[in-house]
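Q: heads up, no residue letters with this:
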Ligand code: BTN
């Protein structure tokens, strides 16, 4: 696909431009596009009971009730961000949310690195950072039927063309956008098309149970491994060293007393050690 990054008039998102830009055969098929939705994750979760096709893309130009992790809101001005969800129905034994979140994170990293050569990294489990600033968040949600996971929705929000004044003021990791980091307006179509291409590649590996390749790529992009971290779960808070990520997506943290703890859902903050 032609590069749109340097053009001053970028193509708009529409069903037609999306159909033209997306070149994958599984991920991004079919495409549901909306100029405005409450939340692409909510729409995709509703689709699960009506038309759960593996690879379905739900994308919006604007969300009125975008959802973030820990019941936070995810806000972005109209037309500036990439806001989409993928509905996935892998075999039941592969429906754990952690690995699909990782597939999303490495796909976003690879796409940004290949297109814009920005120094991207992943903060476990799901934040994509550029030099410590958050450019993308991922919210993975599940639907269940009779107590079993029936489908997984991976929701991805990327700050693309927001100026500093248009970014949310957040506590913790500061936010950034590709416009700020790369210095040029970016085509959301070009970026989406590349992310879907990378996602399809890793999703196929994942479905063939070649998880090692997914995890190895995650390790390469990780900004968490080897760092001193503060882990906050629902039950407790502790400090340790991020030692590894396992093939089920869990992060292994070595506590100061030597005990290894595996976590699947927590807030993990790097602790800066002063010289
Ligand atoms: C986070 O808190 O870091 C995760 C944010 C995920 C936001 C995306 S935007 C597209 C999709 N739809 C939603 O409502 N949320 C996700």
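A: Looks like it came in fine. Since the model is a prediction, treat every value here as computed from it, not as a measurement.
Q: just checking, residue 129 touches residue 120?
A: Yes - between residue 129 and residue 120 there is a contact under Cβ atoms under 8 Å: 7.0 Å. For every residue, glycine as well, the C-beta is placed using N, CA and C.
Q: So between the two, which is more surrounded?
A: residue 120 (23 against 20; other Cβ atoms under 10 Å).
Q: For that one, list each beta-bridge partner.
A: residue 130 (DSSP bridges).
Q: do residue 88 as well
A: Beta bridges link residue 88 to residue 152, judged by DSSP bridges.
Q: one step back: now the common contact residues for residue 129 and residue 120.
A: residue 135 (Cβ atoms under 8 Å, 6 or more residues apart in numbering).
Q: For the closest residue to residue 249 other than its chain neighbours, what are phi and psi?
A: Leaving aside its chain neighbours, residue 249 sits nearest to residue 98 (2.7 Å; criterion: Cβ to Cβ, 6 or more residues apart in numbering). Phi and psi for residue 98, reported as degrees, to the nearest 10, are phi -60, psi -50.
Q: burial count for residue 98?
A: For residue 98, using other Cβ under 10 Å, the count is 19.
Q: Just the closest residue of this protein to the ligand, please.
A: residue 137 (2.2 Å; Cβ to the nearest ligand atom).
Q: Let me know the secondary structure of that residue.
A: strand (DSSP: H, G, I helix; E, B strand; the rest coil).
Q: for it, what are its contacts?
A: Taking Cβ under 8 Å, 6+ apart, we find residue 137 in contact with 68, 69, 74, 126, 127, 128, 156, 157.
Q: among those residues, which are in strands?
A: Among the contacts of residue 137, the members falling in strands (DSSP state E) are 127, 128, 156, 157.
Q: Let me have these in a markdown table, extended by distance to the ligand and pLDDT.
A: Below are the ones in strands among the contacts of residue 137 laid out as a markdown table (distance: Cβ to the nearest ligand atom, whole Å; pLDDT from 0 to 100):
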| residue | distance to the ligand | pLDDT |
| --- | --- | --- |
| 127 | 6 | 93 |
| 128 | 9 | 97 |
| 156 | 6 | 98 |
| 157 | 3 | 98 |
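Q: I'd like to know which residues of this structure are adjacent to the ligand.
A: 39-41, 63, 66-69, 72, 74, 83-85, 127, 137-139, 155-157 (Cβ under 6 Å from any ligand atom).
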